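please work out how this folds:
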Amino acid sequence: MTITPIELKARLDKGENVRVIDVREADEWAIARLPQADLIPLSHFQQLAMPQLDPDETIVLYCHHGMRSARAQGYLKGQGYKNVLNLTGGIDAWALQIDPMMKRY
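I've put the predicted structure just below:
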């Protein structure tokens, strides 16, 4: 399942309980990130995700364009997580559609 930047912004604006996870690397995180996000890089995802993420919460994953977050989503789904969404187009789409002041790379 996916979620668009517009849909995610609406959920966040409503104050919905959504856990936002950035799966990019720390150097990318330093360039631009969603303020609500926590960083769990894909390179360490299998070791770090399980202790930090609750299988019952709604989780939105994002990366630069959506490919790495799709891999992380597949991993979590395989571990029994049901409410895992991938941000369509990643942070680049967020910058284009929601926050044009966000630095792009």
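
got the contact list for the residue nearest to Gly80 when sequence neighbours are not counted?
Leaving aside its chain neighbours, Gly80 sits nearest to Pro55 (6.0 Å; criterion: C-beta to C-beta, 6 or more residues apart in numbering). For glycine as for every other residue, the C-beta is placed from the backbone atoms N, C-alpha and C. Residues in contact with Pro55 (C-beta atoms under 8 Å, 6 or more residues apart in numbering) are 79-82.

need the max-distance pair from the residues you listed.
The span of the contacts of Pro55, defined through C-beta to C-beta, is set by Gln79 and Lys82 at 10.4 Å.

would you list every one of the helices in the chain?
5-13, 26-31, 45-52, 67-78, 90-97 (DSSP state H).

please name every helix or strand in contact with the shortest one.
Taking 3 or more C-beta pairs under 8 Å, 6 or more residues apart in numbering; DSSP states H and E as the contact definition, helix 26-31 has no neighbouring helices or strands.

in it, what's buried?
By neighbour count on 16 or more other C-beta atoms under 10 Å, the buried set for helix 26-31 is Glu28.

kindly export that helix (C-alpha atoms) in CSV.
C-alpha atoms of helix 26-31 as CSV (Å, rounded to 0.1, in the frame of the first residue of the first chain):
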residue,chain,number,x,y,z
ALA,A,26,22.4,10.0,7.6
ASP,A,27,24.0,12.2,5.0
GLU,A,28,20.7,12.4,3.1
TRP,A,29,18.8,13.0,6.3
ALA,A,30,21.1,16.0,6.9
ILE,A,31,20.1,17.5,3.6
